[in-house]
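> show me the folded form of this:
(one chain, ligands or ions: 2)
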Amino acid sequence: MKLVLIKCGGSVLDELSSSFFESLKELKNDGYQLIFVHGGGPDINQQLEMHQIPRNFENGLRKTSAEALEIVEMVLAGKSNRKLTRKLDSYGFRAFGVNGSDGAFLHGDFIDKEHLGYVGHITEVNTDVLAMLLRENYTPVITPIAITNDGVKLNVNADFAAAAIAHALSVEHFLFVTDVKGIVIDEELIVQLDKEEIEGYISAEKITGGMVPKVKSCIAAIEKGLQSVRIVSGKEPFFVSGEWIGTEIN
Ligand SMILES: Nc1ncnc2c1ncn2[C@@H]1O[C@H](COP(=O)(O)OP(=O)(O)O)[C@@H](O)[C@H]1O
Ligand SMILES: CC(=O)N[C@@H](CCC(=O)OP(=O)(O)O)C(=O)O
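Ligands and ions are numbered 1, 2, ... in the order given. All right, here's what the predicted structure looks like:
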């Protein structure tokens with residue numbers, strides 16, 4: 001089974017273009033099965049604001065109190081997942097929403113409970129449920145909530161969750177779909193970038209904010225042996241006549 005793992009950022013969930021879906025269709029026609037992990041940062045921010053819960057980020061990770069976690073799960077599973085699943089369905093993909101904490105599918109642990117609260121990283125991915133869906137020709141759409149061995153739910157950055165799942169499935173291509181064309185430095189799109197260059201740009205603060213967990217996840221994926229890792233736009237086509245558009249990390 002040839003797999004493509006696509007992390008779809010919250011930044012672009014409302015702006016996915018029809019040309020983006022054309023690229024997905026081209027991948028399907030080339031024999032790939034698709035798996036999505038979605039984010040939902042802007043949706044979460046909006047709801048936290050409505051509930052007057054302050055928002056705080058550290059290195060692109062949301063500090064998550066127990067109170068905030070309830071909102072995070074409600075929004076990610078109930079709103080962001082629904083948006084992407086519905087849109088994929090409308091383009092003929094048989095999308096099936098999956099919450100990471102269901103069936104202990106995404107196991108996680110706290111990153112730093114004292115500083116970040118209920119924020120986790122993935123320790124294990126149970127791929128059985130994905131295999132089952134893919135066998136039946138469904139397109140899984142995964143919500144990045146994990147569960148600890150003690151049954152505590154954790155908010156996982158969607159870029160990190162996607163990297164763990166991409167590794168567990170040894171996918172052929174791993175894509176980060178976001179609201180920009182790729183990594184842009186001094187107003188120029190960078191077509192290819194390696195680990196050292198990325199570290200330099202983070203130090204120089206030319207890669208910042210939500211792009212930091214993304215490029216870190218790209219590096220982690222490369223180091224774990226994935227061959228094709230890219231950051232692409234969801235507002236434009238990213239794969240046309242077999243050619244990729246965006247930034248390739250290697
Ligand atoms: N060097 C960079 N190149 C491109 N985008 C960058 C860069 N540094 C920071 N960014 C920001 O990262 C954003 C994408 O991250 P984020 O908003 O978290 O997206 P997503 O919701 O897709 O994960 C871009 O919209 C841009 O503002
Ligand atoms: C711990 C942490 O930061 N979790 C993220 C989960 C959603 C996410 O990653 O959404 P994007 O892909 O749109 O950024 C958050 O609470 O915003």
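> could I get the phi/psi values of Lys181?
The phi and psi values for Lys181, taken as degrees, to the nearest 10, are phi -70, psi -20.
> check which helix or strand the closest residue to Ala95 other than its chain neighbours maps to.
Excluding the flanking residues, the one nearest Ala95 by C-beta to C-beta, 6 or more residues apart in numbering is Leu88, at 3.8 Å. Quick note: C-beta positions are derived from backbone N, CA and C, even for glycine. In this assignment (DSSP states H and E), Leu88 forms part of helix 81-90.
> list the contacts of Ile198.
If you count contacts by C-beta atoms under 8 Å, 6 or more residues apart in numbering, Ile198 has them with 207, 215, 218-219, 249.
> pull the distance from the strand or helix carrying it to the chain's centre.
If you go by DSSP H and E, Ile198 is part of helix 195-203. Centroid separation for helix 195-203 versus its chain: 21 Å, with C-alpha atoms, centre = their mean, to the nearest Å.
> over to stretch 122-139?
Stretch 122-139 has its C-alpha centroid displaced from the chain centroid by 16 Å (C-alpha atoms, centre = their mean).
> what's the distance between Gly10 and Asp30?
28 Å (C-beta to C-beta, to the nearest Å).
> what's the answer for Arg230, then?
Separation of Arg230 from Asp30 (C-beta to C-beta) stands at 15 Å.
> and the helices in this protein, which stretches?
Assigned by DSSP state H, the chain shows helices spanning 18-29, 41-50, 66-75, 81-90, 113-116, 128-135, 158-169, 195-203, 211-223.
> can you redo the ones you listed as TSV with mean pLDDT?
As requested, the helices of the chain are arranged in TSV below (pLDDT from 0 to 100):
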stretch	mean pLDDT
helix 18-29	98
helix 41-50	97
helix 66-75	97
helix 81-90	98
helix 113-116	97
helix 128-135	95
helix 158-169	96
helix 195-203	95
helix 211-223	92
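> deepest of these, which one?
When you average the neighbours per residue for each of these (mean count of other C-beta atoms under 10 Å), helix 158-169 leads with a mean of 25.
> anything in it near ligand 2?
Yes - interface with ligand 2: helix 158-169 contributes Ala158 (C-beta under 6 Å from any ligand atom).
> who does that helix touch, helix- and strand-wise?
Counting contacts by 3 or more C-beta pairs under 8 Å, 6 or more residues apart in numbering; DSSP states H and E, helix 158-169 is packed against strand 2-8, strand 32-38, strand 106-110, strand 119-125, strand 173-178, helix 211-223.
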